[in-house]
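Colleague: The following block contains a protein sequence and its predicted model.
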Amino acid sequence: MSDDATGSALAERGLSGEDQAASFEEERRSGLRWVQRFLHEYPTAVPFIVLVVGVLIFSVVVGGRFFAPFNLSLVLQQVTIIAVLGIAQTLVILTAGIDLSVGAIMVLSSIVMGRMAVVWGLPPEISFVCGLAAGTVCGFINGVLVAQIKLPPFIVTLGTWSIFGSMVIFVSNSETIRAQDIESAAPILQWLGHTIRLSGGAVLTYGAIALIIISVIVWYMLNRTAFGRHVYATGDDPEAARLAGINTARTLIAVYTLAGFICALASWVLIGRIGAASPLGNQTANLDAITAVVIGGTSLFGGRGSLVGTLIGALIVGVFRNGLALAGFASLWQEFTVGILIILAVTIDQWIRKLSA
């Protein structure tokens with residue numbers, strides 16, 4: 001019904017101009033409230049729409065090259081590491097925290113695995129376990145500083161980012177463990193880089209399969225266990241969570257420790273992806289992980305978001321970068337577009353919270 005028709009109907013019922021304006025305003029607010037409730041209940045709706053729109057745009061701009069099986073599998077390979085780190089970051093951000101050290105933890109774990117196996121000559125299995133342990137301990141340290149010492153997560157992880165980064169240089173002696181050396185001494189470390197050939201030239205790496213397995217396990221933990229409920233409650237209102245009997249300090253330590261372990265798994269994916277263990281290996285991936293989480297609809301204020309949204313957010317970053325590259329745009333425009341997406345995602349989150357206040 002048009003505005004004129006609506007106004008006539010209201011006038012026939014004897015409503016004045018002010019009453020009509022008030023009625024229109026009430027309808028508008030009701031509509032916005034419905035949108036707010038919908039987005040609050042389904043936080044993955046916006047990133048899913050953005051992903052679909054992005055795919056449609058690049059299918060027109062780039063053409064058939066974008067939907068080539070090899071290109072689609074390339075996008076998946078490019079976002080695998082970001083997505084694994086994004087899973088770790090999602091756990092932390094759901095508690096209203098943030099972890100700036102996930103990239104450094106990943107690189108440190110990869111260096112521990114590589115040097116113990118190649119330089120120190122330890123069995124590959126022991127080296128692998130020690131690398132996982134290193135990442136887990138780093139996460140535990142973050143958790144203790146946040147939960148027990150009561151330091152702000154941003155400051156804590158900013159400091160440990162520098163500390164873990166320094167440890168990378170110390171342990172590695174600024175030397176890269178070559179792919180050939182890892183292949184001869186510890187081929188298990190490169191195992192996630194192996195591929196499965198699919199039809200149409202598409203390639204599926206074991207790392208992508210590992211991402212799916214990790215995602216399913218963490219999704220189950222967040223949505224089907226008491227631990228997941230405690231994570232959401234701690235991020236939404238820690239005081240209310242404490243009054244409900246939740247040990248928020250223990251929950252925070254568990255979250256950061258689990259995030260560290262997942263970062264160590266990401267180091268395994270990283271070695272499989274590049275073949276080597278390098279101290280310069282993508283330490284800034286933490287920023288890409290935060291980008292995937294925020295674009296995926298997880299609130300930076302905690303208590304709201306989903307793992308599925310993070311995976312969609314990682315795909316959005318990969319699709320836009322890949323599509324812009326195929327369209328001939330320079331890398332600076334790729335970063336520019338990702339920055340716009342981040343700002344829009346945070347703006348939508350603030351808008352939802354303002355309406356719900």
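Modeller: Great, that's in hand. Bear in mind the structure is a predicted one, so any value in this text is a computation, not a measurement. Residues are numbered from 1 along each chain as shown.

Colleague: any idea how far the residue nearest to Thr176 when sequence neighbours are not counted is from Ile182?
Modeller: Spatial nearest neighbour of Thr176, excluding adjacent residues (C-beta to C-beta, 6 or more residues apart in numbering): Ser278 at 4.3 Å. Bear in mind the C-beta positions are built from the backbone N, C-alpha and C, glycine included. Using C-beta to C-beta, to the nearest Å, we find Ser278 at a distance of 11 Å from Ile182.

Colleague: ok, which stretches of the protein are strands?
Modeller: Using DSSP state E, the strands of the chain run over 195-197, 203-205.

Colleague: so which of those strands is the most packed in?
Modeller: Comparing the strands of the chain by mean neighbour count (mean count of other C-beta atoms under 10 Å), strand 203-205 ranks first with a mean of 17.

Colleague: I'd like the distance from it to the chain centre, please.
Modeller: 21 Å (C-alpha atoms, centre = their mean, to the nearest Å).

Colleague: Repeat that for stretch 242-254.
Modeller: Computed by C-alpha atoms, centre = their mean, the chain-centroid distance of stretch 242-254 equals 23 Å.

Colleague: coming back round to it: compare the strands of the chain and report which one is nearest to Val156.
Modeller: Nearest of those to Val156, taken as C-beta to C-beta: strand 203-205 at 33.5 Å.

Colleague: The closest one pairs with which strands, and in what direction?
Modeller: strand 195-197 (antiparallel) (DSSP bridges).

Colleague: got the contact list for the partner strand?
Modeller: Outside strand 195-197, the residues that touch it by C-beta atoms under 8 Å, 6 or more residues apart in numbering are 203-206.

Colleague: Closest to Ile81 out of those residues?
Modeller: For those, the closest approach to Ile81 (C-beta to C-beta) belongs to Thr205, at 10.8 Å.

Colleague: For that closest one, give me its contacts.
Modeller: Residues in contact with Thr205 (C-beta under 8 Å, 6+ apart) are 77, 80, 192-196, 272-273.

Colleague: which of the residues you listed are buried?
Modeller: 77, 80, 192-193, 272-273 (16 or more other C-beta atoms under 10 Å).

Colleague: Closest to Thr310 out of those residues?
Modeller: The closest of the buried ones among the contacts of Thr205, once distances to Thr310 are taken by C-beta to C-beta, is Thr80, at 13.0 Å.
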